Structure formats: structure tokens, C-alpha cells
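In: structure of the sequence below:
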Amino acid sequence: MQQESSRRDFIKTASLGLAGTSLLSPELVASTPKAKKKKVELAIATITCDGFGDLNFERAFEIIPKLPFKNVEFNCWYARNLTPTGIRSIKVRCKKHGLTPICVQGSSFGASGNVIKDVTHKLWNMEAARQLGCRRVKFTGAGRGQEGGLDAVIQVLKELAPAAEEMDMLILVENHANNNLETIADYDRVFSAIASPNVGMCMDNAHFDGANVDLYEVVERFHSRILHIDLKDTERKGIHKVVRFGEGVTDNAGVVERMLAHGYQGYLLVEMAPPLDQTTLEDDLRRAYHLFQKYER
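Out: Residues are numbered from 1 along each chain as shown. Coordinates of the predicted model:
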């Protein structure tokens, strides 16, 4: 019991220490975007442009400024993205192009018997988000049954929840097909163990379809814990294969409309990944914006 208390004291102290540490110049800190007036806004993920490669967001910063999107989720999966220099580079380029960082997606949960490494990694993602002026971090799980399974995810979240509350940060737990975070039962376990309002679901509609999970049952069961919605279309049920909106089976509009009826506030994130066709990418993403723009409010 004493050891558990000591560990929690460490997490709280570490999070407060991070929150008080500035990696950026005063000029950049002063440029932190102001709070939005709208309660529901569109956003785009850098993965829609960069794919899964380590491109230092160069393709994203080439394409996104040409589109109507202003809110950007950064998929920070490589070490240089999360160094002080990397964080500063993201902020400088966002300011240059008039873009607003709204979320940092880090690499997946995966304790594998070493909870402290996973906890500190997630804490640093939270600090990166704070430095970028946003309050959302997103993580999915490892492959089904791997890296300690769902038990390890829950163990790490128990440590992170108090830190998220201290830092005013939202931890978005994203579902993937064939993943430790995949089914309704998985989220029942997570939310039964973690009551914090700062821990919620990122609902990835196409991945739920890819796992043959009923989207409307997810909404009805977890609408109060859904804090972020990923919009993309999958080719067919039981297979996660991203296609252009309207070419697959995912009812993104139905999900959004039901969530809005429940009072949803948050982002609707276009995440067509990996990029389907570079020759039509800008047109595809522009069409996606106009397809879902009517839900902003």
C-alpha cells in the first residue's frame, strides 16, 4: 500500500513539474491559440497527408494550409517530433500557416511489464500537447493480447488519470480493430476502472466497423464518455480498409447526428489514412471538409 501511494505521489509530482516547465520561448508561448467559441469543430489528422512515414510533417504542412481545415491533430510517433526542437518546430510552422494544434497522438499503450516507461511516455505527450496550446492526447492499444493486454492499459490509465486532472488534459483512448481496445466489453472494463472525466473514448467509426462492433450501440452505451470522433470510411464490415467517404459502409453521419443529439462537444476529425491517392488527395480532403462542415456549431 505504501509503495502504491509513493508511485501515485511520483506521478502527481512529475506531472506538476512538467506543467511548470516551458520548452519554448516567451514569444511562442504567448502565441498559444485562444479558446474556441464553437463547441463542435472539424479537424484533420496529419496522417491523412504523411501516412505512417517519418516525414517531420512536411507533407502535412504543404497540403493542409491549402484546405479549409484550421484545426490539426499531430501524429507524433517518432522521437524527433517530441523533442524540444520538434515541438518548437510544430508550433512555429502552425503559426506561420495559421493552423491550430488540437491534439497530440502518441504511440500506443504497451506496458509489457514496465509500467513506468509507458506512464512517463504518456506524461511527456501530455506536456507536448500543453506546449502546443492544446489539451488532448490520444493513444490506442497494442495488438490483441500483446504488451500486457487490456490489463496493462488499465494499469497505466489508473496512474495517468490524476495527472490528467492536475494538468487539465484529456486522455483519448482510441479503438482499433484486432487491438486491446476493440470491443464494447473492452471499454466497459476501462470505464468501470477509470471514473475520471479526463479519460474518455476516441470513437474511430471505421475501426469499430472493421471489428464488427455496432456503432449505434457504442453511442448509446458510451456517449457520455466519447470525447473525440474520428471520421473515415471502411470498405466493409469486419475489414478495416480505408476508402473515400461514401465508397464504404461506415455511417459517419449517423454517428455524428446521434452524438449531437446527446449533446456532444468536441472535434470531428477527418482521418483518411493512409493517403489513398496523392493525385486526388487535396480534392478528397476538401470534399471531406464540405461533407461534414454542416455539423460544426
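In: quick one, strands of the stretch 101-250 of the chain?
Out: Remark: strands assigned in the stretch 101-250 of the chain by DSSP state E, counting those that start in this stretch are 136-139, 170-174, 199-204, 226-231, 233-236, 239-243.
In: and the last one, what's buried?
Out: Of the residues in strand 239-243, those buried under the neighbour-count criterion (16 or more other CB atoms under 10 Å) are 240, 242-243. Where you see a C-beta, it was placed from the backbone N, CA and C, and this is true even at glycine.
In: three-state assignment of the residue lying closest to N56 once chain neighbours are set aside?
Out: Closest residue to N56 apart from its sequence neighbours, by CB to CB, 6 or more residues apart in numbering: R80 at 6.8 Å. For R80, the assignment made with DSSP: H, G, I helix; E, B strand; the rest coil gives helix.
In: measure R80 to W124 for me?
Out: According to CB to CB, to the nearest Å, R80 stands 14 Å off from W124.
In: neighbour count winner among those two?
Out: Between R80 and W124, counted using other CB atoms under 10 Å, W124 has the larger neighbour count: 18 against 11.
In: state the distance from T140 to P101.
Out: From T140 to P101 the distance is 19 Å (CB to CB).
In: oh, I was asking about K232
Out: Distance from K232 to P101, by CB to CB: 20 Å.
In: picking that back up, between the buried residues of strand 239-243, which is closest to Q278?
Out: Closest approach to Q278 among the buried residues of strand 239-243 (CB to CB): V242, at 14.6 Å.
In: can you tell me the closest non-neighbouring residue to the closest one?
Out: Counting by CB to CB, 6+ apart, V242 lies nearest to K232, which is 5.4 Å off, once chain neighbours are set aside.
In: the one you found: how many residues sit nearby?
Out: Neighbour tally, K232, other CB under 10 Å: 25.
In: and for the one 5 residues further on?
Out: Each residue near K237 was counted by other CB under 10 Å, and the total is 16.
In: also T46?
Out: 26.
In: N75 is in contact with that one, correct?
Out: Yes: applying CB atoms under 8 Å, one finds T46 in contact with N75, separated by 5.1 Å.
In: compute the first-to-last residue distance for stretch 71-81.
Out: Length of stretch 71-81, first residue to last, CA to CA, to the nearest Å: 18 Å.
In: buried set for it?
Out: Residues 71-77, 81 are the ones in stretch 71-81 that count as buried (16+ other CB under 10 Å).
In: identify the bridge partners of L172.
Out: K138, G200 (DSSP bridges).
In: picking that back up, look up how far I47 lies from the residue nearest to N56.
Out: Counting by CB to CB, the gap from R80 to I47 is 16 Å.
In: where does the stretch 51-200 of the chain have low pLDDT?
Out: For the stretch 51-200 of the chain, no stretch is flagged by pLDDT under 70.
In: could you pull out the helices for it?
Out: With DSSP state H, counting those that start in this stretch as the criterion, the stretch 51-200 of the chain has helices at 58-63, 84-97, 115-131, 149-167, 184-193.
In: can the ones you listed go into TSV with extra columns for distance to Y289?
Out: Output for the helices of the stretch 51-200 of the chain, formatted as TSV (distance: least, CB to CB, whole Å):
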stretch	distance to Y289
helix 58-63	12
helix 84-97	16
helix 115-131	24
helix 149-167	30
helix 184-193	29
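In: R287 is nearest to which of those?
Out: helix 58-63 (13.9 Å).
In: give me the contact list for that closest one.
Out: Residues outside helix 58-63 that contact it (CB atoms under 8 Å, 6 or more residues apart in numbering) are 46, 48-50, 72, 93, 97, 281-282, 285.
In: same check on stretch 151-164?
Out: The contact list for stretch 151-164, computed with CB under 8 Å, 6+ apart, reads 7-8, 11-12, 14-15, 109-112, 115, 118-119, 122-123, 126, 141, 148, 169-171, 173, 180-181, 189-190, 193-194, 196, 198-199.
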